[in-house]
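>>> got a predicted structure here, sequence first:
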Amino acid sequence: MDRFDFVVIGAGAAGEAAAYEALAHGRTVAVVDKELFGGSCSFWACVPSKALLHSASEHLHGSYSWQRASDRRDYMINRENRDWPDDSGHVRGLEGAGARLFHGRARIAGPGLVDVAPVDPAAAPTRLAAGTIVVATGSGPTTPDIEGLAETGPWSNREATSTRDLPRSLVVLGGGPVGVEMSEVFGRFGVAVTLVHSHDRLLDRDHPRVSEAAARILRDDGVAMRLGARAVRVRPAAGSAGAHVVELSDGGRLEAERIMHALGRALAVDDLGLESLGLDASRLPRDGRLRVGEDIYLIGDPAGPEMFTHVSHYQGEMAVRMALGESVAPDYRAIPRAVFVEPELASVGLSVDQAVAAGRDAFELVADFATTARGYGVEAAFGHVAIVVDRRSRTLIGASVVAPDASAAIHEAVLAIQTGTSVEVLAGVIHGFPTTPRLFGGLFKDALAELRRGDAVPA
């Protein structure tokens, strides 16, 4: 039986981060994955979707056909001239750092024991002994329980980001980041797209201004939206020219050649043998605590509190440091969120409504992006930078950005929230001109003035 300091189950963003962190500390590491080393982000999600979004932007300038976009996406996910991505780069990286890799299905057999059933039926099963087990199995798309949907061969993000053929028409179910991004991709390449979202605004977990920007972007891209409605029934091939018919809760009716669902994901924790450690797979904590038992850590999508690649990477490193006895704990106060449409949408922390609902004495300040030097320079039609400040602590607790470089600009706010930096300090930072972060500088000065006005009011 092979023995390792760490056995990592799952080789996506979380698992890879954990493996590299443990190896950097001189520990022995085994990594088990039943599919692709590198995980969903590398092959079915972040990397291909961002490649397609870039191509969709360039398509508006006449430089990218769908064929070129498809070929570039295939290059990015190592799928050129083949049907399945090649993960050998990830394999070489892990093995070169000293990890032992096992391609198969892992099942925990008891404390410190992991059985691996190889994908290759000719190979013998293996039992691994672990000082620490790290579960990083991620999540996968799940088909919603909508009558008739499964019979249509619906797309999840995997099919949407990997298709080599454009459909004539597409109904997208779900107005979260995945639904919004893929609606823009296909809409810009001439597909008749209708996005259906059960809430009255897109990206309903984000600031209302971000939601408004997302809706404006998709309208400009020719995407139709049915908000406040949900699909209740699908009639396969019952429409004109064999299109599928989608019946909505508001009585509406849509037709499309393809249906994509982006309505949530299933956590890949079943059949892992967690019960052998006294854990119930259906009741695992999703608060991001990471350590869920003696020498067992849960990281990535199944751990919560968010399903982001950057959170998974953070948790992978954090779990190993915790297992090695460092006095650290995960801190989720400043998780950046970004949607890579054009212009980009980004946010972090609390909206002012969320802050007030939580009992914070907070206020919000907003700067228009389009009428700044940077906005005029890039011919922006709209955009904003907004901050939320806590009066009592005199610190930043939330921010949102709609601008071409929002995903990068938001990180000033991320750092400020993470460190609890005072508004007095933030207001004194020199910001380059003309840049999007310079709007933060102006807002911080305005926030300081607001706080000082409050200081001057007699108690």
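Structure's in. What do you need?
>>> distance from the chain centre to stretch 179-187, please.
15 Å (C-alpha atoms, centre = their mean, to the nearest Å).
>>> low pLDDT regions in the stretch 51-200 of the chain?
Along the stretch 51-200 of the chain, no part satisfies pLDDT under 70.
>>> what about the helices in it?
All helices of the stretch 51-200 of the chain, identified by DSSP state H, counting those that start in this stretch, fall at 66-76, 88-97, 157-162, 177-188.
>>> out of those helices, deepest packed?
helix 177-188 (a mean of 25; mean count of other C-beta atoms under 10 Å). Bear in mind the C-beta positions are built from the backbone N, C-alpha and C, glycine included.
>>> contact partners of that helix?
Applying C-beta atoms under 8 Å, 6 or more residues apart in numbering, the set of residues contacting helix 177-188 from outside is 45, 49, 52-53, 55-57, 59-60, 157, 160-161, 166-167, 170, 172-173, 193, 195, 197, 202-203, 214, 217-218, 221-223, 260, 262, 337, 339-342.
>>> send me it as CSV with only the CA atoms.
The C-alpha trace of helix 177-188 is given here as CSV (Å, rounded to 0.1, in the frame of the first residue of the first chain):
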residue,chain,number,x,y,z
PRO,A,177,-22.9,34.7,-14.8
VAL,A,178,-22.8,31.6,-17.0
GLY,A,179,-26.2,32.4,-18.7
VAL,A,180,-25.3,36.0,-19.2
GLU,A,181,-21.8,35.3,-20.7
MET,A,182,-22.9,32.6,-23.0
SER,A,183,-25.9,34.6,-24.2
GLU,A,184,-23.5,37.4,-25.2
VAL,A,185,-21.3,34.9,-27.1
PHE,A,186,-24.0,33.3,-29.1
GLY,A,187,-26.0,36.6,-29.6
ARG,A,188,-22.9,38.3,-31.0
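>>> before we move on, the earlier item: only whichever of the contacts of helix 177-188 are buried, select them in PyMOL.
This is the PyMOL syntax for the buried subset of these, where burial follows 16 or more other C-beta atoms under 10 Å:
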select buried, resi 45+49+52+53+55+56+57+59+157+160+161+166+167+170+172+173+193+195+197+202+203+214+217+218+221+223+260+262+337+339+340+341+342
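>>> ok so, going back, redo the helices of the stretch 51-200 of the chain as CSV? Include distance to residue 388.
Formatted as CSV, the helices of the stretch 51-200 of the chain follow (distance: least, C-beta to C-beta, whole Å):
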stretch, distance to residue 388
helix 66-76, 36
helix 88-97, 39
helix 157-162, 31
helix 177-188, 21
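>>> return the subset of the contacts of helix 177-188 lying in strands.
170, 172, 173, 193, 195, 197, 260, 337, 339 (DSSP state E).
>>> what sits against residue 236?
Listed by C-beta under 8 Å, 6+ apart, the contact partners of residue 236 are 148, 151, 152, 244.
>>> can I have the buried ones of these as a ChimeraX selection?
Remark: buried members of the contacts of residue 236, expressed as a ChimeraX selection using 16+ other C-beta under 10 Å:
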select :148,152,244
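>>> turn the contacts of residue 236 into TSV, including distance to residue 253.
TSV is the format used below for the contacts of residue 236 (distance: C-beta to C-beta, whole Å):
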residue	distance to residue 253
148	13
151	18
152	15
244	11
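>>> which of the ones in strands among the contacts of helix 177-188 sit farthest apart?
Greatest spacing in the ones in strands among the contacts of helix 177-188, by C-beta to C-beta: 170 and 337 (24.8 Å).
>>> off-centre distance for the helix or strand where residue 322 lies?
Secondary structure from DSSP states H and E places residue 322 in helix 309-323. Distance of helix 309-323 from the chain centroid (C-alpha atoms, centre = their mean) equals 16 Å.
>>> which outside residues touch it?
6, 12-19, 21-22, 25, 27, 41, 45-46, 132, 134, 136, 138, 288, 290-291, 295, 297, 299-301, 303, 305, 328-330, 332, 335-336.
>>> let me know the pLDDT of the residue most central in space within the chain.
Taking C-alpha atoms, centre = their mean, the centroid of the chain lies closest to residue 308, which sits 3.6 Å from it. At residue 308, the model reports a pLDDT of 97.
>>> hang on, isn't it packed against residue 338?
No - the pair residue 308 and residue 338 fails to qualify as a contact (C-beta atoms under 8 Å) at a distance of 9.0 Å.
>>> assumed residue 41 was part of a helix.
Yes - according to DSSP: H, G, I helix; E, B strand; the rest coil, residue 41 belongs to a helix.
>>> is it true that it touches residue 13?
Yes - taking contacts as C-beta under 8 Å, residue 41 lies within contact range of residue 13: 5.2 Å.
>>> which one's more surrounded, the two?
More neighbours surround residue 13 than the other of residue 41 and residue 13, with 29 against 21 (other C-beta atoms under 10 Å).
>>> restrict stretch 370-378 to CA atoms and write it as CSV.
Extracted C-alpha coordinates of stretch 370-378, given in CSV (Å, rounded to 0.1, in the frame of the first residue of the first chain):
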residue,chain,number,x,y,z
ALA,A,370,-18.7,57.3,-19.3
THR,A,371,-18.1,61.0,-18.5
THR,A,372,-14.6,60.6,-17.2
ALA,A,373,-11.4,61.0,-19.2
ARG,A,374,-11.0,57.2,-19.3
GLY,A,375,-14.6,56.7,-20.3
TYR,A,376,-14.4,59.3,-23.1
GLY,A,377,-11.1,57.7,-24.2
VAL,A,378,-12.7,54.3,-24.8
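>>> buried sites along that stretch?
Here stretch 370-378 shows 370, 372, 374, 375, 378 as buried, counting by 16+ other C-beta under 10 Å.
>>> ok, and the closest non-adjacent residue to residue 454?
Nearest non-adjacent residue to residue 454, counting by C-beta to C-beta, 6 or more residues apart in numbering: residue 391, 6.2 Å away.
>>> brilliant, that's me finished.
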